[in-house]
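Undergrad: One predicted model, sequence on top.
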Amino acid sequence: FIDELMGRLPKNRPANTRVILQRLDEIERQLKLPPITPNRPSPPPKNPPLRRSNIDGSR
């Protein structure tokens, strides 16, 4: 936006103050938007507790 205001040639600058004010309003609205947060993957489900089997392999 600043670069547009400082254009070397008049045709490269905003036509009038109304255009400048509209751009400033647009910038202000964008700044007030809530930040976009990326979706985080949900944590993996907890595994159920494992059953311990006896030493001889019986349950």
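TA: In hand now; what should we look at?
Undergrad: Which stretches in the protein count as helices?
TA: Ranges of helices within the chain are 2-5, 17-32, based on DSSP state H.
Undergrad: Can I get these in JSON lines including mean pLDDT and distance to residue 47?
TA: Glycine gets a C-beta too; all of them are placed from N, C-alpha and C. Below are the helices of the chain laid out as JSON lines (pLDDT from 0 to 100; distance: least, Cβ to Cβ, whole Å):
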{"stretch": "helix 2-5", "mean pLDDT": "88", "distance to residue 47": "56"}
{"stretch": "helix 17-32", "mean pLDDT": "94", "distance to residue 47": "45"}
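Undergrad: could those go into CSV alongside distance to residue 42?
TA: Below are these laid out as CSV (distance: least, Cβ to Cβ, whole Å):
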stretch, distance to residue 42
helix 2-5, 43
helix 17-32, 30
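Undergrad: residues touching residue 20, list them.
TA: Residue 20 is in contact with 5, 14, counting by Cβ atoms under 8 Å, 6 or more residues apart in numbering.
Undergrad: closest to residue 46 out of the helices of the chain?
TA: Relative to residue 46, the nearest member of these by Cβ to Cβ is helix 17-32, separated by 40.2 Å.
Undergrad: wait, which of the helices of the chain is closest to residue 44?
TA: helix 17-32 (36.8 Å).
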